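Participant: the following comprises the amino acid sequence and a computationally predicted model.
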Amino acid sequence: MNKSKRNAVIAGNWKMNNTPEQTTALINEMKPLVANADCDVVLCVPFVDIVAAVEAAKGSNIKIGAENVHFEAKGAFTGEVSAEMLTACNVEYVITGHSERRQYFGETNETVNLRSLAALNAGLKTIICVGETLEQRKQGVTKEILSMQTKIALKDVTAEQLKNVIIAYEPVWAIGTGETATAEQADEGNKFVRDAIADVYGADVAETVTIQYGGSMNAGNAEELLSKENVDGGLIGGASLKAKDFSIIVAAASK
Ligand code: PGA
């Protein structure tokens, strides 16, 4: 095990929050607070906020991401956005497979795989989300669920492309609920993901993949979660909407 082989990445997931005007104001507030970060700092924002976010983040260490991407290059897919559209707007990161997409918008392991492949083929750094429900945890199949979601999401992803992959382990029961996984649960979940990657790409490659924890990570619990061997960063929902809280998490990842 060697955490130093991996990049620490703190990514905000704004979900359905902020207008372009609010985006500019929040990023301007965040910029000085995260300027000394010793980790990658990313904000994944709604599609309509991307242009404002890229403009506001210019010249800073904040990178901008999207919250989803479609797998086709173009065509009759009302409401969807392609990878090329994102890269044309200077987006560098994208989230795929968030549990809210799986839960409310019919995403499956297969569509998550297709979306991730489209993102990676376009050169986007791709934050692929996996996570078990409370029911699955109670049934004792967390390891199997995480392994299956990880392996299907990475189907046909080459070892070279894997360098642009970040996996976010987000237990569904901990998202937006205020109920954080314990540091031990987070570390264990991330280890299950790393083991699944090792099955496919080998242990040496798996050691280099950044695996985030997500689910009610906040200014108060980030340091403990991030101290764990397998927790290489965080995907932050609610706490990424507050500049100060987000910057405290970034500082915790920079230690
Ligand atoms: P939360 O969301 O931090 O508000 O729990 C995390 C996520 O859904 O990525």
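Facilitator: Yep, it's here.

Participant: I'd guessed Ile50 sits against Leu86; true?
Facilitator: Yes - using CB atoms under 8 Å as the test, Ile50 is close enough to Leu86 to be in contact (7.5 Å). For every residue, glycine as well, the C-beta is placed using N, CA and C.

Participant: between those two, what contacts are shared?
Facilitator: Contact with both Ile50 and Leu86 is made by residues Ala66, according to CB atoms under 8 Å, 6 or more residues apart in numbering.

Participant: can you count the residues close to the residue of the stretch 151-255 of the chain found nearest the ligand?
Facilitator: At 2.2 Å from the ligand, Gly237 is the closest residue in the stretch 151-255 of the chain, using CB to the nearest ligand atom. Using other CB atoms under 10 Å as the criterion, Gly237 is surrounded by 23 other residues.

Participant: what is the closest residue to it other than its chain neighbours paired to in the beta sheet?
Facilitator: By the measure of CB to CB, 6 or more residues apart in numbering, the closest residue to Gly237 outside its immediate chain neighbours is Asn13, 5.1 Å from it. Residues found in beta-bridge contact with Asn13 (criterion: DSSP bridges) are Cys44.

Participant: OK, contacts around Asn13?
Facilitator: The contact partners of Asn13, by CB under 8 Å, 6+ apart, come to 44, 67, 95, 98, 214, 235-237, 240.

Participant: ditto for Met16
Facilitator: In this structure, Met16 makes contact with Pro46, judged by CB under 8 Å, 6+ apart.

Participant: do the same with Asp245
Facilitator: Listed by CB under 8 Å, 6+ apart, the contact set of Asp245 reads 218-219, 239.

Participant: in a strand, that's where it is, yeah?
Facilitator: No - looking at Asp245 with DSSP: H, G, I helix; E, B strand; the rest coil, it is helix, so not inside a strand.

Participant: any idea how far it lies from Ala25?
Facilitator: Here Asp245 is placed at a distance of 16 Å from Ala25 (CB to CB, to the nearest Å).

Participant: again with Asn221
Facilitator: Distance from Asn221 to Ala25, by CB to CB: 27 Å.

Participant: quick one, which of those two is more surrounded?
Facilitator: In terms of neighbours (other CB under 10 Å), Asn221 is the more surrounded of Asn221 and Ala25; the figures are 19 against 15.

Participant: which pLDDT value belongs to that one?
Facilitator: Asn221 is assigned 97 on the pLDDT scale.

Participant: which residue packs closest to it, ignoring adjacent ones?
Facilitator: Thr180 (5.4 Å).

Participant: likewise for Ile145?
Facilitator: Leaving out its chain neighbours, the residue that sits closest to Ile145 by CB to CB, 6+ apart is Glu132, at 4.5 Å.
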